[in-house]
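Novice: Sharing a sequence plus its predicted fold:
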Amino acid sequence: MSLSVQSICKSYSKKVVLNDINLELKAGEVVGFLGPNGAGKSTLMKIITGFVQPDSGEVFVCGERVSPSNLVTRRLVGYLPEHNPLYLDMYVREYLDFVSRFYPLDNRKARIEQMIERTGLTVEAHKRIGQLSKGYRQRVGLAQALIHDPQVLILDEPTTGLDPNQLVEIRQLIGEIGKEKTVLFSTHIMQEVQALCQRVVVINKGNIVADEAESVITQGSQMMRFEVEFSKPIGSVLSQFLHDDIVQVETISDKTVRISAKSDIRELLFHFATEQHVPILTMRQLEESMEDFFRALTK
């Protein structure tokens, strides 16, 4: 395993932030880390990178135990915090040279140029970081996280505040990085998870409440959901439509309902509406979305 989180617990002032967290990430895996604000995402990421010490439990990166004194794990992990800490008065190359000197790199200048090209910073590399847009500052943050060629990359909300064009560019970059490294990144943007991740981990109130393949989540459950609009109020009539596979009927308006069922009930519903002389105006099948999955686990 590239990353192994074992029974991690952390509290602040008697408030439990992380409760017995266990997580395993394989090499070359891109994992989305989801959770509401205050769920414990950033705290766990800081523990993985060695910046915060847990109350109990252990973290291993490529078999090496993470601890304040273990410099090997610092070389194995690249980290982009939520609030990208950059020296705004430094030039891009100057900053990357400064960061690179924390690591034993053989060909420092070549590596810096490689990271500038790979992160799309070439046209802005002559500027001070304070002159860059937020999108390019995020690229500088990614470049510093990658400068030492880590095996595991930890990204804490790397696309927050970016415009749509910047979002696409940063997502593409993360996708390319994920082909060769283990990536754990937190986000509140569900489309990113569906676009980039093979796996999704959801944390809520310090507990992992889901750990599934992205394909399993987007396929949704075996439940089928339909939104049906009738030509006139249907409430009292619909109560007569009984079927063993119907799990829930939710009233949207006096003429519109959402029906959750274990099977496809559309034909039965059309026959029932005809018998009751209440024509159906529209019917559409609803798909389970990543947002539905997230809300169901964290609300």
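Specialist: Received, thanks.

Novice: Which stretches in the stretch 101-250 of the chain count as helices?
Specialist: Using DSSP state H, counting those that start in this stretch, the helices found in the stretch 101-250 of the chain span residues 108-118, 134-146, 164-177, 190-196, 214-219, 235-238.

Novice: buried set for the second one?
Specialist: Put plainly, it is helix 134-146. 135-146 (16 or more other C-beta atoms under 10 Å). Every residue, glycine included, has its C-beta placed from N, CA and C.

Novice: the strands in this protein, which residues?
Specialist: Taking DSSP state E, the strands of the chain run over residues 3-12, 15-25, 30-34, 56-61, 64-65, 77-80, 152-156, 182-186, 199-204, 207-213, 224-230, 246-251, 256-261, 280-286.

Novice: Pipe those strands into TSV and attach mean neighbour count and distance to E124 per row.
Specialist: What follows is those, written out as TSV (neighbours: other C-beta atoms under 10 Å; distance: least, C-beta to C-beta, whole Å):
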stretch	mean neighbour count	distance to E124
strand 3-12	18	32
strand 15-25	17	32
strand 30-34	24	26
strand 56-61	18	32
strand 64-65	14	35
strand 77-80	23	18
strand 152-156	23	20
strand 182-186	25	23
strand 199-204	22	33
strand 207-213	15	37
strand 224-230	19	47
strand 246-251	13	51
strand 256-261	18	49
strand 280-286	12	44
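
Novice: now for those strands, which one comes closest to A273?
Specialist: strand 280-286 (5.0 Å; C-beta to C-beta).

Novice: what angle separates that closest one from strand 256-261?
Specialist: On the basis of axes from the mean of the first three to the mean of the last three C-alpha atoms, to 10 degrees, strand 280-286 is oriented at 50 degrees to strand 256-261.

Novice: Quick one: mean pLDDT for strand 280-286?
Specialist: Taken as a whole, strand 280-286 has an average pLDDT of 88.

Novice: Looking at the nearest residue to E157 once chain neighbours are set aside now. What's its pLDDT?
Specialist: Take E157 and drop its neighbours on the chain: the residue closest to it by C-beta to C-beta, 6 or more residues apart in numbering is E82, 4.9 Å away. Reported pLDDT at E82 in the predicted model: 86.

Novice: Name all residues that make contact with E82.
Specialist: Counting by C-beta atoms under 8 Å, 6 or more residues apart in numbering, E82 makes contact with 42, 156-157, 160, 186.

Novice: what's the closest non-adjacent residue to V228?
Specialist: Once flanking residues are discounted, V228 sits nearest to M283: 4.8 Å by C-beta to C-beta, 6+ apart.

Novice: Next, work out how far apart the one you found and I174 are.
Specialist: Distance, M283 to I174, using C-beta to C-beta, to the nearest Å: 39 Å.

Novice: One more: D55?
Specialist: From D55 over to I174 the distance is 31 Å, taken as C-beta to C-beta.

Novice: Which one of the two is surrounded by more residues?
Specialist: Between D55 and I174, I174 has the larger neighbour count (other C-beta atoms under 10 Å), namely 21 against 13.

Novice: is it true that Y91 touches L132?
Specialist: No - between Y91 and L132 there is no contact under C-beta atoms under 8 Å: 10.4 Å.

Novice: Just list the residues touching I8, thanks.
Specialist: Shown in contact with I8 (C-beta under 8 Å, 6+ apart): 18, 20-22, 44, 47, 54, 56-59.

Novice: nearest to R74, of the helices of the stretch 101-250 of the chain?
Specialist: Each of the helices of the stretch 101-250 of the chain has some distance to R74 by C-beta to C-beta; the shortest is helix 134-146, at 12.0 Å.

Novice: All set, thanks.
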